[in-house]
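A.B. asks: sequence isn't available, so here's the structure alone:
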RNA sequence: GCUGGCUUCGCAUAGUGGCAAUUGCGGCAGACUGUAAAUCUGCUCCCUUCGGGGUUCCUUGGUUCGAGUCCAAGAGCCAGCA
């Protein structure tokens, strides 16, 4: 079933959108945060634990599943849903982010035809093309496939980006031509860094190819600053159709979710809640101001000695499984011991934290008070607990 | 009782005579945005205005310009023989 987006309403005083995504008879509310399960698993969590966080769509990654276990094995299993025991919608990233994280960093070739990688598993040479990426995603049988794009580093200059978006558009077209899974939607990706004309060009040309949804990419790379991220969104959303889903790739921090929804974005994904969790951190309400003045996500590090005797939940009032049943002292103990259950509990809390934020934003849009919600989000910045 | 070995900064270890001294663990913090990430980084004798300063390698004495390193004695631990 192709994905269908229904715009329910736009906030009276901002571009924030309340909507529903339909996959056949299943429907999910937007704005929505999508947990990431790169290797066909949300790290440290069972599908039941993920489900208890009330997500909609979850992610998996084409590049990783291509190398291991291979698309053939997934197909043999009966598709990605059966393979990983996930009956909700799955979106597969195309491998475009790996062009940034693996190819750019290692100075591998990015050519018109495709991208050369060196396998991190065995060092073998790999070549991923737009056609190959779509073919793999067709075989994986995810619900939403992403076009294979170049995700350029934040340091890329105007001329580089100009060439890059033109090539990414050609890649999108090539991918669309070979896409042949009738049950799978295909999204196009807008790139162009923080430049208005590039974003506009990329958005208009990508939309002209008529994809099932659109995403804004290249906004969550290395030392990308928030201003550039917000510019990229501001310069992209005006050219995206109202009746299609808008996906901001790789974001992120609670403050970024609020700012992106404010600018008309519907869905997000980010590894941060699960990675922070494995590294011992829990998201908590409020903001923390970075040394350079940037507002960042507020969090506590459960490995810190100060939590040894703290028998309160991670976040008072949170309805997640971790907060309902366990204390900071216990999670501190688990993290100190390297017990995976600690990472699981923190992952559950962090994912639920972002999903709750989306629930709150939906409520605010429904009541036409998103601006007020956003103001309060900044005002209620507590210092770390 | 005899013979041999050992003793280093919380623990365990590396240390050719130039050493505030290796590495791991532990400890204290930090980073993390479409996952090369249950990872990575910094600090971990004392003081410091971050330039540096002060005390260290079981104890005592010695050789030496210089000793964690060599010599002697003592203490403790381990092994073998009595």
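C.D. replies: Nice, thanks for sending it over. Quick caveat, the model's predicted, so the values are computed rather than measured.
A.B. asks: from here on, just use CA atoms for contacts and neighbour counts.
C.D. replies: OK.
A.B. asks: tell me how far residue A:99 lies from residue A:164.
C.D. replies: The gap separating residue A:99 from residue A:164 is 12 Å, by C-alpha to C-alpha, to the nearest Å.
A.B. asks: overlap in contacts, those two.
C.D. replies: Residues touching both residue A:99 and residue A:164 (C-alpha atoms under 8 Å, 6 or more residues apart in numbering): A:150, A:152.
A.B. asks: comparing these two, which residue is more hemmed in?
C.D. replies: residue A:99 (28 against 21; other C-alpha atoms under 10 Å).
A.B. asks: what pLDDT does that one get?
C.D. replies: Residue A:99 carries a pLDDT value of 83.
A.B. asks: surely it is in contact with residue A:111?
C.D. replies: No. Residue A:99 is beyond contact range of residue A:111, at 11.2 Å (criterion: C-alpha atoms under 8 Å).
A.B. asks: all helices for the stretch 51-200 of chain A, in order.
C.D. replies: Assigned by DSSP state H, counting those that start in this stretch, the stretch 51-200 of chain A shows helices spanning A:62-67, A:71-77, A:80-84, A:96-98, A:130-140, A:158-178, A:196-208.
A.B. asks: reformat those helices as JSON lines; add distance to residue A:215.
C.D. replies: Shown next, in JSON lines, are the helices of the stretch 51-200 of chain A (distance: least, C-alpha to C-alpha, whole Å):
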{"stretch": "helix A:62-67", "distance to residue A:215": "17"}
{"stretch": "helix A:71-77", "distance to residue A:215": "24"}
{"stretch": "helix A:80-84", "distance to residue A:215": "22"}
{"stretch": "helix A:96-98", "distance to residue A:215": "12"}
{"stretch": "helix A:130-140", "distance to residue A:215": "16"}
{"stretch": "helix A:158-178", "distance to residue A:215": "12"}
{"stretch": "helix A:196-208", "distance to residue A:215": "9"}
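A.B. asks: now do the helices in the stretch 201-350 of chain A.
C.D. replies: Going by DSSP H, counting those that start in this stretch, the stretch 201-350 of chain A shows helices at A:226-234, A:254-262, A:272-278, A:321-325, A:328-337, A:340-366.
A.B. asks: who's in contact with the first one?
C.D. replies: Pointing back at helix A:226-234 there. Contacts of helix A:226-234 (C-alpha under 8 Å, 6+ apart): A:192-196, A:199, A:216, A:219-220, A:259-260, A:263, A:294.
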